[in-house]
Structure formats: C-alpha cells, structure tokens
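[1] Build me a model:
(2 chains)
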Amino acid sequence: MNKGGSMSVNVEHARESELKLRSRPLVATMILFGGLILLAIEVAVSVSVGAADIKLSTVWEAVFRFNPDATQHQIIQELRMPRALACTLVGACFAVAGAMMQGMTRNPIADSGLLGLNAGAGFVMAFCFALFPGLPFPYLMLYSFLGAAFGAGLVFGIGSLAKGGLTPVRLALAGSAVSALLVALSEGLAIHYRVTQDLAFWYAGSVAGANWMQVKILWPWVTGGIIGAAILSRAITLLSFGEEVATGLGLHTGWVKAAGMLLVLVLAGAAVSAVGSIGFVGLFIPHVARYLVGMDYRWIIPCSAVLGSLLMVLADIVARMVNPPFETPVGAVIALIGVPFFLYLARKEGREL
Amino acid sequence: MGVVENIRKGILVTGSVLVMMLAGCGGSGDLSQKAATTSTETQSSMGSQQQAIAVFPKTVHHAKGETVIDKMPERIVVLYPWLTLDNLLALDIKPTAVTNAEGWFKTKTGLPSYLEERLQGVELLGPDQPLDVEKVLAAEPDLIFGIHDMISDQYDKLNQIAPTIAFERPNVAACTAHCDWRSYHRNIASIFGKEEQAEKTIAEIERQMAEAKEKLAKSVGKDSVAILYIANDTMMLISDEKDSMVKLLYHELGLTPAMPIKDLKEMNDQLISLEGLAALNPDRILLYWTEKAELEKIEKSAVWQNLKAVKNKHVYFSDKTKEWNPYQPIGLRVLLDQLVELFAK
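    As a prediction, this is how the structure comes out:
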C-alpha cells in the first residue's frame, strides 16, 4: 500500500488494518468487473430499444455498417448511442460526486443536491433561459459549473460563519436553507420572464435530448474528474474517519477538501448541465457501494461510478419504455427504483449509515 | 356598434331619445382617449345610471365566492394579460390598468401586438407574478379581474382595494365552469349586460372558424398534424385534451391528431424524444411557442431532416405563436387568420 512520507507508520498501520477488516476488496473487484460487463450489456440493450421499432439486425448494421441515408440507422447513431453514453457518464458523475461529498463531510445524506450545487446551477440556468434564450450547450455547461460553484460557495460560506466552524449538521442546514432560497429565486426569475416551462423541463431532468456534442464535451471532464477522485480516494477515506484523525495522520485536510470540492463541482456541474438536476443517484449509490464493499473510499469511489452508470442507464431504458413514444422523467424512474431499496438499506444498516 | 345594444335596455326604461344620445356619448367616451371633457364625464355617469337600472346591481359568482357590482364599473384593472382582457376589449370596455409580460410578448408594452392599439393609454402594472399590489392600489380600480390560481393568496388584499372577481382558468383539470371560449366570453359579457354583443361576436368567430375549417380541409386534408413545443432542447408533443390548442385544432377545426389525445395529469406527460417523434412521423408539424433558435438547433439533426413533415416542407413556424390565444375572442380571430395562412404554405 502506498504510504505518505510524513505519516506516523504505527498509527497508519493500525488504521489500515482496521480498514482491511471493514473493506471487502474481493467483492469490490467483482463489482468492478461484473459491473462493467453488465454495463456493456445494458448499453447494448439501451441502444436496441426505444420508441421507434427497430430490428436487432438493423441495430447491428447501424452500429457497424452505418448507412447515413437510413432513418433507422440515424436514430441509432444520432440518438440512441449518445443517449446511452450520456447516461453512463452522468450516472457515474452523480454517484462519484455524492460519494466524495459523503466522505469529505462525514454526512451520510450529503449529495450534490443537498449542498446547494443543483440549486445554484438551476438558478444560473433560469438566468440564462430568461436573458439569453437558446444558448448553445457549451455555454450552458460553463454557466452550470459557475452556478454549482456559486451554490456550493454560499453553502460552505454560510456554514463556516457559525461559531465552531463547519460541522456536518451545519452544512446540511446551510445547504437546505441556501437551496430553498436559490430555488425560490429561480422560480421568481422564471415566472417573471415567463420561462417556467423551460426551467420545468430542466428540473424534470432528461437525457432524451442527449447528443454527440454533449458526450464529446462531457467525457474528458468526467474521466478527469473520476481519475482525480480515485487519486484523492485514500485521503477521503482518512477524512471520513474524522478531521482530527486525518490531521493526526499528517493529512493536509484543507488541501484535500479544496481539491475534493473542485472535483465534486466538475463532476456534478457537468452532469447537471447535461441532464438537469437528477437527485437521488448521488445520495443512494454511495450507500449501496459502502454496503457492498465496506468503508474504504479507494473501493467505494470506482464502485460508485460503475453502479451509478448501471442505475442511470437502466432508469433511462425504463423511462422511454413506460409510455412510448412519450418520455417519463428519468428522475422519477430513479426514485421509483431507488427509494424502496434505499429504505431497506437504511433499516438494515441502522446506525452505521 | 355594440354600444347600441347596451343602450337598448336604457331605452326600455326611459324611452327617451335624448338619453339614448347621452348614453351613446358616455359609452364611446370610455373607449376613446382619456382626454374627456367634464361635460362628457357627467353624461357618461348619467348614461351608466340608466344602464344600471337594467343590469346593476349584478351578483357575480366566481371561484372566491360572490361579488356584487352596484353600478357600471369605470376603472377595471385586469391582472392577467392572457385571459379576460381580450374579452373586455371585445365588449368595448377599456380597462384602466393591466399587468403585462415583457418576457413573453416580444413587444415594447409586453402585451399582444394585436391588442396594443386598443390598449393605448392603459397603465401597465408589470408582471402578474409577483404582483405589485401597491401599483394596483394606485390605479384606483372600482373592479378587479384576476385569475383564481394567480391571485388566490392575495385575494383578500385585492378585494379590500376593490371588488375582485377570481376567474377560473379554462384549460386546466380544475376548471368547473366556462371552460369553453364561448361560455367564457358569455360569462364576462353577462357581468355588464352585454350578452347580445357577445352573441354577435361569437357568431362572427363561428363564421370565421367555419371558413378556416374549410380552408384547412383543403390545404391539410386528412394529414396527421402534431403540435410541437421545443424549448431548451426538450420537446413536448401537445396532446392533452384540456389544452386549448388541442381543442381548437383537433376538435373545432377538425384536423387529424398525430397521436392519441388523452386526459393528462401533468404538462410533462407530453415530453417526447426526437426518436419518439420519428416513430410517430406526423405528416405535418406545427411549432408552437418555439423560438427560432430552438428550431435552428434541431434542424442540424439528420433524424429531424428525415421526418416526413420536414422532407415535404410541412413544418410550420411563426414567431407569432406566443401571441396565439385560443380562448379569447380577438386573439382567436388573429390566430385563425395566421393559422390558415401558415398552413396554406
């Protein structure tokens, strides 16, 4: 295992052996490999089914012998493939961002939604819809980042103002207060400028309009963000034991938190800009991952990425098959799949959550 | 013209030619500019008094209970530019002040362009949400027209300023009365005893609608038509049976819907992907409320370009659709003209 030079070897040994007891690398490896295979199958299914009735042989042709004059081939290439890939990316984003937030803040109900990111991005989106209608995606994405950063900045700023500094409870309280304020402001803006439907579309969260351009812009950020999260995962494990422990082990908690927040902003900001604020993935998946692989974030983060993608692609398949040719908001489907399972986990894990 | 009908009731009471003339002046005085001399103002109030005998006091039942109107109101404030405003103007009643929507209507006044001339000199109150109640107070209304779900929270406050009528929204599931444009107009006309004028307007619109139906039958025939709203890269296929455009296009004008019309719970139940649209492949697509920039974005898609409607150049776009108002007499006539013209292309 990789050891930090300045750390006290003995303490670290003790911690790591404890960690080994509470982490399950074998299960994690199985999840990673099995999950990736399952994901490949899911993506294949996602490309094969939809409102348009297209034969499997035609799907195969569209992917490997593309004929630009055939509408069915175009549906596969232009709509279904980027849609499946966007789901994969976005699911991983939300899940990893949620896992990092939960680890860093030691707050089991932290996710990008609770910490003001979605509300901040939504506020800036309302602003864009009102004042610059029809803004192209790269700009929307940039503004979404800025909005997410603004929301998170407000939450952390207000949370830190209190005596005794930032505690998980304060963070959660500041998060819900700031989110409520920003959501109200967005609605006010939207109502004033008559863009409520645009904003409602955005809040409903949809991957139905995903295209290659979005995927092309998203993937470097998402890959970079997840690699960054993986690099940081060891430090996050330490942080998840508590700030004193982490500092005691020689961790520069300030730097780790700053880097971690930046990564969360990139991941959640990218995902939110592409599909709107889809809640619950970021809350739910890290819990599943922790339940399966234990407390070590070196396993939790990659497993969350895979599980998040799996859930998102699955939910999107359901979303388009419920009432074709109409779409069901994917956020609703995720809640439908996730909530019962989450309640089961919450009961089972009890105080460990 | 409509004024004459109103006045008939006055004649019934007095039978005097002089009163008829006075009432005529009063009625038209309301419609022309505010620069009325003192003498016409006195005449106006005398005219209303004559009318009042027949119509007022009038009890109006509405979503927030009952409102008794003692005499012909002279300073009506309208708190929603999409509903009741047009009805009033069609009845030759000019409001004193009205809320406007600058973000929606692309006009300087934030009002539909076809109403701007009739609304000259009317005070603009800004957006209806959030409503600036102080401005409403400053407009010194003697009657307030609002939409129930928009003013519900502030009803008591508004009702203290002036008697306030909370009208229902005709195109929602909650609508229980006057959910059709005809009865909506009749209801408002009855408040002022202008039923006959309303019937005349309705008959005119019915005539125009029959003509439009005939023309559309010629230009569109049995082709399937989809009403599509694109915003923020998201598409909505308007297919709710309560929707005013659905009622107008498919029920009144007899066009063939491209999809089953259903009673939907939420607006978002109409969300559709480009793939879903391609699967439906409607013969014609009417873009509703859609901005030019959204159309230009989707035109880059090969799947869009391969749609039957796109290939046959049967996609109809107009930057005027945000002004379309299938529930209001003046707006409906403008809509019908533009629709027929659009589909004739």
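
[2] contacts and neighbour counts: CA atoms only from here.
    Will do.

[3] Okay, now the unreliable bits of the chain?
    Just going to use chain A. In the predicted model of chain A, residues A:1-21, A:165-166, A:168, A:204-205, A:349-353 satisfy pLDDT under 70.

[4] wait, I meant chain B there
    When residues are selected by pLDDT under 70, those of chain B lie in B:1-53.

[5] how about a cut-off of 50?
    Judged against pLDDT under 50, the low-scoring parts of chain B cover residues B:1-50, B:52.

[6] Output the longest strand belonging to it.
    Residue-count comparison of every strand in chain B, with assignments taken from DSSP state E, identifies strand B:224-231 as the longest.

[7] Moving C-terminal from that strand, which element do we reach first?
    strand B:234-237 (DSSP states H and E).

[8] Show residues contacting that following strand.
    If you take CA atoms under 8 Å, 6 or more residues apart in numbering or on different chains as the criterion, strand B:234-237 is touched by A:201, A:208-209, B:226-230, B:268, B:270-274.

[9] Residue A:279 in helix, strand or coil?
    Secondary structure, DSSP: H, G, I helix; E, B strand; the rest coil: residue A:279 is coil.

[10] which non-adjacent residue is nearest it?
    Sequence neighbours aside, residue A:113 is the residue nearest to residue A:279 in space, at 6.3 Å (criterion: CA to CA, 6 or more residues apart in numbering or on different chains).

[11] circling back: the longest strand of chain B - contacts with which helices or strands?
    Other helices and strands packing on strand B:224-231, by 3 or more CA pairs under 8 Å, 6 or more residues apart in numbering or on different chains; DSSP states H and E, are strand B:234-237, strand B:256-257, strand B:284-287, helix B:292-298.

[12] Dump it to CSV, keeping only the CA atoms.
    Listed in CSV are the C-alpha atoms of strand B:224-231, where the atom choice follows Å, rounded to 0.1, in the frame of the first residue of the first chain:
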residue,chain,number,x,y,z
SER,B,224,-51.9,14.0,-39.4
VAL,B,225,-50.8,17.1,-37.5
ALA,B,226,-48.6,17.4,-34.5
ILE,B,227,-48.4,20.4,-32.2
LEU,B,228,-44.8,20.6,-31.1
TYR,B,229,-43.3,22.8,-28.5
ILE,B,230,-39.5,22.9,-28.3
ALA,B,231,-37.6,24.6,-25.5
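
[13] Which residues of the stretch 151-300 of chain B lie near chain A?
    Where the stretch 151-300 of chain B comes near chain A, counting by CA under 8 Å from any CA of the partner chain, the residues are B:231-234, B:268-280, B:291, B:293-294.

[14] ok, back up a step: closest to residue A:75 out of the helices and strands packed on strand B:224-231?
    For residue A:75, the closest of the helices and strands packed on strand B:224-231 is helix B:292-298, at 13.9 Å, according to CA to CA.

[15] which secondary structure elements does the closest one contact?
    In terms of contact count using 3+ CA pairs under 8 Å, 6+ apart, helix B:292-298 is assigned the packing partners strand B:224-231.

[16] In its sheet, which strands sit next to the strand it packs on, and in what direction?
    The pairing partners recorded for strand B:224-231 under DSSP bridges are strand B:234-237 (antiparallel), strand B:256-257 (parallel), strand B:284-287 (parallel).

[17] was I right about residue B:113 contacting residue B:104?
    No - with contact taken as CA atoms under 8 Å, residue B:113 and residue B:104 are classed as non-touching, separated by 11.6 Å.

[18] out of these two, which sits in the more crowded spot?
    Between residue B:113 and residue B:104, residue B:104 has the larger neighbour count (other CA atoms under 10 Å in any protein chain shown), namely 18 against 15.

[19] For that one, what are phi and psi?
    Residue B:104 has phi and psi values of phi -90, psi -60 when expressed as degrees, to the nearest 10.

[20] what secondary structure does the closest residue to it other than its chain neighbours sit in?
    By the measure of CA to CA, 6+ apart, the closest residue to residue B:104 outside its immediate chain neighbours is residue A:194, 5.8 Å from it. Three-state call for residue A:194 (three-state DSSP): coil.

[21] Could you do residue B:144 as well?
    With three-state DSSP as the basis, residue B:144 sits in strand.

[22] Next, count neighbours for it.
    The tally of other residues near residue B:144 (other CA under 10 Å) stands at 24.

[23] wouldn't it be in contact with residue B:74 here?
    No - applying CA under 8 Å as the test, residue B:144 and residue B:74 come out as separate, 10.9 Å apart.

[24] Could you verify that residue B:66 is part of a helix?
    No - counting by three-state DSSP, one finds residue B:66 to be strand, located in no helix.

[25] if I pick residue A:281, what's in contact with it?
    Taking CA under 8 Å, 6+ apart, one finds A:91, A:94, A:95, A:98, A:308, A:311, A:312, A:334 in contact with residue A:281.

[26] Please read the previous query as pertaining to residue B:134.
    When contacts are taken as CA under 8 Å, 6+ apart, residue B:134 is in contact with no other residue.

[27] Can you give me the distance of it to chain A?
    According to CA to the nearest CA, to the nearest Å, residue B:134 and chain A sit 17 Å apart.

[28] and the residue nearest to residue B:104, what does it touch?
    Residues in contact with residue A:194, defined by CA under 8 Å, 6+ apart, are A:130, B:101, B:103, B:104.

[29] Using JSON lines, lay out the helices and strands packed on strand B:224-231 together with mean neighbour count and distance to residue A:136.
    Conversion of these to JSON lines gives the following (neighbours: other CA atoms under 10 Å in any protein chain shown; distance: least, CA to CA, whole Å):
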{"stretch": "strand B:234-237", "mean neighbour count": "24", "distance to residue A:136": "13"}
{"stretch": "strand B:256-257", "mean neighbour count": "21", "distance to residue A:136": "32"}
{"stretch": "strand B:284-287", "mean neighbour count": "23", "distance to residue A:136": "20"}
{"stretch": "helix B:292-298", "mean neighbour count": "16", "distance to residue A:136": "9"}
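
[30] that older thread, and the residue nearest to residue A:279, helix, strand or coil?
    coil.

[31] Would you agree it is in contact with residue A:120?
    No - Residue A:113 is beyond contact range of residue A:120, at 9.4 Å (criterion: CA under 8 Å).

[32] Would you mind telling me which of these two has more residues around it?
    Set side by side, residue A:113 and residue A:120 give different neighbour counts by other CA under 10 Å, the larger being at residue A:120 (32 against 26).

[33] Could you pull up the residues touching the more buried one?
    Contacts here follow CA under 8 Å, 6+ apart; on that basis residue A:120 touches A:144, A:147, A:148, A:149, A:150, A:151, A:152, A:179, A:182.

[34] residues contacting the second one?
    Counting by CA under 8 Å, 6+ apart, residue A:147 touches A:117, A:120, A:121, A:122, A:123, A:124, A:125.

[35] Check the last one too.
    Residue A:182 sits next to A:119, A:120, A:122, A:123, A:151 when contact means CA under 8 Å, 6+ apart.

[36] tell me which residues in the top helix by length along chain B are buried?
    Among the elements of chain B assigned as helix by DSSP state H, the one spanning the most residues is helix B:195-219. The neighbour-count check on helix B:195-219 (16 or more other CA atoms under 10 Å in any protein chain shown) flags B:195, B:197-198, B:201-202, B:205, B:208-209, B:212-216 as buried.

[37] Tell me which two of the contacts of residue A:281 sit farthest apart.
    A:98 and A:334 (15.2 Å).

[38] Neighbour count for the two, which is higher?
    When neighbours are counted by other CA under 10 Å, residue A:98 and residue A:334 differ, and residue A:98 comes out ahead with 32 against 22.

[39] So that one lies in a strand, does it not?
    No - if the criterion is three-state DSSP, then residue A:98 is helix and not within a strand.

[40] Next, the residue nearest to residue B:104: phi, psi?
    Backbone phi and psi, for residue A:194 under degrees, to the nearest 10, turn out to be phi 60, psi 40.
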